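>>> Any chance you can model this:
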Amino acid sequence: MNDARIKAQADPDQSTDRVADGTQFEYPTAATLTRDEVGACIDDTGVIPSVGAASLDDVLFIADALAEAGIPLIEIGINDPDAIEVLSHLAKHAPRTIVGAGSVRKTDTARKCLDAGAKFLSTDGLIPGIMEFASKEKIVTIAGALTLTEVIASWDAGSDFVKVVPCYAVGGHKYIRTLKAAVPQARLIAAGGVNQLTAVNYIMAGAAALSVGGELIPGEAILLRQRRRIQELARRFLTAVDKGRS
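Just a heads-up that it's a prediction; the model follows:
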């Protein structure tokens, strides 16, 4: 998918082809992707945009802008009361976007997210019940962790990825490098403190992907419908991923 993604970024001043065009993740396959395919897309893209409270129109705008820039993924934080409705709306009306649920804590919430169209579940800590549910339902899990013990426990429990959060509080990319050296097989996602300046360092340190919120999707850009601003930020993060992997 990298070639198609890079092609889509070639000229940010012109209208670009959507990421789904010319890739294996073509419309309307987002809803029918397997666990392995979703995991492969996360691996390949290397950036998971995280969205908190947002309206139905907002998330569709965000998804469309990101997809055009080469990021077919969005994680919807489910702490907001309307989050399940937002997730469902996005899954139905942006079928080429792979939608996930973030900050999942309970299995009944996980079930609601799955029924609403979520293709991956992300937690902010080690919650065995969520991993057991995701394994049974064959859906990608991103377990939250901080200490080495938690990373090992999450990976050994079968999490597809382990989200190290908050990275900035424990040494940033140097901490990711330490964890990766201790558990080289784990696919780590850096979260917390990831921005344009630090992104490439996290990838070079061994992170498989980056979880990014406002640094990629500024609230002002959503309010003012600044599509090109979001796409330029997406291009920068994707470039950092490519550079860090080269």
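
>>> quick one: contacts of the helix of greatest length in the chain?
Scanning the chain for the helix with the most residues, using DSSP state H, yields helix 227-245. By Cβ atoms under 8 Å, 6 or more residues apart in numbering, the surrounding residues in contact with helix 227-245 are 2, 5-6, 9, 12-13, 16, 45-47, 49, 61-62, 64-66, 68-71, 196, 199-204, 209-210, 212, 215-218, 221. Where you see a C-beta, it was placed from the backbone N, CA and C, and this is true even at glycine.

>>> Please repeat the previous calculation with a cut-off of 6 Å.
9, 12, 46-47, 65-66, 69-71, 196, 199-200, 203-204, 216, 221 (Cβ atoms under 6 Å, 6 or more residues apart in numbering).

>>> Stretch 190-210 too?
Taking Cβ under 6 Å, 6+ apart as the rule, stretch 190-210 contacts 42-43, 46-48, 163-168, 173, 176-177, 180, 187-189, 211-212, 215, 236-237, 240-241, 243-244.

>>> For the closest residue to residue 218 other than its chain neighbours, give its distance to residue 196.
Once flanking residues are discounted, residue 218 sits nearest to residue 229: 7.2 Å by Cβ to Cβ, 6 or more residues apart in numbering. According to Cβ to Cβ, to the nearest Å, residue 229 and residue 196 sit 13 Å apart.

>>> same deal with residue 224?
Residue 224 is 20 Å from residue 196, by Cβ to Cβ.

>>> So for those two, which sits in the more crowded spot?
Between residue 224 and residue 196, counted using other Cβ atoms under 10 Å, the more crowded position is residue 196 (14 against 10).
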